[in-house]
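Chemist: show me how the following folds:
(2 chains)
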Amino acid sequence: MNGASVLIVEDDNWMAEQHARVLTGSGYKTTITLHALAAIQAIDDIHPDVIILDVLLTGSTAFALLHELQSYGDTGKIPIILCTNLATELSLDDLKSYGVKRILDKTTMKPDDLVAAVRSVLL
Amino acid sequence: MSAAKGEHEQSFNGLLVNGLPSLIVAAHELKSPLVLVRQLSLMLESGEVSIEDQKRMLRQISLTSERALRLTSDLTKSIRLSDALFNLEPINPQQLCEDIVRELTPLFVAHDRKVKLVSRRKPPLIVANRDLLRRIIMNFSDNALHYAEEKTAVEIQINIFNAGQTIRLGVRDYGPALLSNAVSSLSGKLVSSSSQIHARPLSSGLGLYIVGQFADAMNGQVGMTRHRDGATFYVDLQASRQLSLL
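Modeler: Take a look at the predicted model:
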């Protein structure tokens, strides 16, 4: 699904920029938000096809945002890719009910892994 | 809000081992900059980056490395603090803060933010250790950089209290504004989990613990004021009585 819209929720703006660089290079449209409140606004505005979500966010956690998204029928269906330093502490099985389709470990992933993950959840 | 030494340790509850920051917390704090440096390096290795992007990424790598090194150096210093004696001397806070602004400006510009000094009048000298005070303000500034909104200016402020006996050096950031009731209500729903593993690395309390140790060594106190649109972290220090004794 080339040209799909990806929302990047990542509070490190240089890391967010790096994710955007990789995805844009593969033909995806990207939007960056640095915290959960801005993410909710962006989701309403752009209706992303995929959300890439950091777990540790300024002012809240990804889990609070996941709860919020699951509260609404339309946002609850957006596939989520968690991209985090805490991947080893998380279980995909536990998070599937929150729309989480993949968990990427920032400490071991390569830039192309992000593209592969987005492609796989859009199949 | 001021915090005494005991309170720093309380706020760092569970993260100290024998009164020192645990290895796990310290390692966790250092993970984020290393992860970013690794991602940027891998991207550069791939060669699929424009010359302009290459320059930008190399700059980000060096600035991120410097920030990580500052944290490492602060950690080492705080652990060895009890073994060392620190000279306290009269210091011109204005001069010190101007130097810090000059040093941090490239980092802030690279993040599309500004840092500036706000000092209403020529402040009196303070009793402090230059190196420790510099580390405190740098630490506050690194923290403010992370929380400040894009294109805003972080302010290093110098204020005078207690009829000139106390000098407050603060770092004010302008974070996400919470303007309406609706947003405030939403914010309430997004309150962080109480579980430590869900706390932001920069909010783990390690930075505050370190600067609290540095402030204690200078008979000072650190504190924080939360604003609707950001926060001010500050250190209160005694004004030098050197001139009044002349």
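
Chemist: ok, residue B:160 - contacts?
Modeler: B:123-124, B:166-168, B:239 (C-beta atoms under 8 Å, 6 or more residues apart in numbering or on different chains). From N, CA and C alone the C-beta is placed, and that goes for glycine too.

Chemist: quick check on residue A:35: phi, psi?
Modeler: As for residue A:35, its main-chain torsions (degrees, to the nearest 10) stand at phi -150, psi 170.

Chemist: what is the neighbour count of it?
Modeler: 20 (other C-beta atoms under 10 Å in any protein chain shown).

Chemist: try residue A:97
Modeler: Using other C-beta under 10 Å, residue A:97 has 10 neighbouring residues.

Chemist: is it located within a helix, as I assumed?
Modeler: Yes - looking at residue A:97 with DSSP: H, G, I helix; E, B strand; the rest coil, it is inside a helix.

Chemist: point me to the helix or strand that includes residue 66.
Modeler: No chain specified, so I'll use chain A. Per DSSP states H and E: residue A:66 is located in helix A:62-70.

Chemist: wrong one, chain B
Modeler: helix B:51-80.

Chemist: which helices and strands sit right next to the following helix or strand past that helix?
Modeler: Using DSSP H and E, the helix or strand that follows helix B:51-80 in sequence is strand B:89-91. Packing partners of strand B:89-91 (3 or more C-beta pairs under 8 Å, 6 or more residues apart in numbering or on different chains; DSSP states H and E): strand B:126-128, helix B:130-147.

Chemist: and strand B:89-91, what's buried?
Modeler: Neighbour-count burial for strand B:89-91 flags residue B:91 (criterion: 16 or more other C-beta atoms under 10 Å in any protein chain shown).

Chemist: show me how far it is from its chain's centre.
Modeler: Relative to its chain's centre, strand B:89-91 lies at 22 Å (C-alpha atoms, centre = their mean, to the nearest Å).

Chemist: pLDDT averaged over it, what's the number?
Modeler: Averaging pLDDT along strand B:89-91 gives 93.

Chemist: then stretch A:50-65?
Modeler: For stretch A:50-65, the per-residue pLDDT averages 82.

Chemist: state the distance from the residue nearest the centre of chain A to residue A:120.
Modeler: When chain A is reduced to its mean C-alpha position, the nearest residue by C-alpha atoms, centre = their mean turns out to be residue A:52, at 1.2 Å. The spacing between residue A:52 and residue A:120, counted by C-beta to C-beta, to the nearest Å, is 13 Å.

Chemist: same check, this time on residue B:70
Modeler: With C-beta to C-beta as the criterion, residue B:70 and residue A:120 are 39 Å apart.

Chemist: neighbour count for these two, which is higher?
Modeler: residue B:70 (15 against 12).

Chemist: so what's that one up against?
Modeler: Neighbours of residue B:70 in contact, by C-beta under 8 Å, 6+ apart: B:135, B:138-139, B:142.

Chemist: pLDDT value on it, please?
Modeler: 91.

Chemist: tell me which residue lies farthest from the centre of chain A.
Modeler: residue A:73 (18.0 Å).

Chemist: that residue belongs to a strand?
Modeler: No - per three-state DSSP, residue A:73 lies outside any strand segment and is coil.

Chemist: what's the spacing between it and residue A:99?
Modeler: Applying C-beta to C-beta to residue A:73 and residue A:99 gives a distance of 12 Å.

Chemist: before we move on, what about residue B:128?
Modeler: 52 Å.

Chemist: how about residue B:175?
Modeler: Distance from residue B:175 to residue A:99, by C-beta to C-beta: 28 Å.

Chemist: tell me which of these two has more neighbours.
Modeler: With neighbours defined as other C-beta under 10 Å, residue B:175 and residue A:99 compare such that residue B:175 has more, 21 against 18.

Chemist: surely that one is in contact with residue B:226?
Modeler: No - contact criterion C-beta atoms under 8 Å: residue B:175 and residue B:226 do not qualify, at 9.8 Å.

Chemist: so where is chain A shaky, pLDDT-wise?
Modeler: A:1-2, A:58-60 (pLDDT under 70).

Chemist: helices of that one, residue ranges please.
Modeler: A:13-25, A:36-46, A:62-70, A:92-95, A:111-122 (DSSP state H).

Chemist: mind listing the helices for chain B?
Modeler: Going by DSSP H, chain B shows helices at B:5-11, B:23-46, B:51-80, B:93-110, B:130-147, B:181-189, B:206-217.

Chemist: excluding its backbone neighbours, what's nearest residue A:120?
Modeler: Spatial nearest neighbour of residue A:120, chain neighbours left out: residue A:102 (6.9 Å); criterion: C-beta to C-beta, 6 or more residues apart in numbering or on different chains.

Chemist: got it, and residue B:170?
Modeler: Nearest to residue B:170 is residue B:234, by C-beta to C-beta, 6+ apart, at 3.4 Å.

Chemist: the one you found and residue B:33, how far apart?
Modeler: On the measure of C-beta to C-beta, residue B:234 and residue B:33 end up 25 Å apart.

Chemist: close to chain B: what parts of chain A are there?
Modeler: A:11-15, A:18, A:21-22, A:25, A:34-38, A:40, A:55-61, A:63-65, A:67-68, A:85-86, A:89, A:106-107, A:109-111 (C-beta under 8 Å from any C-beta of the partner chain).

Chemist: good, we can wrap up now.
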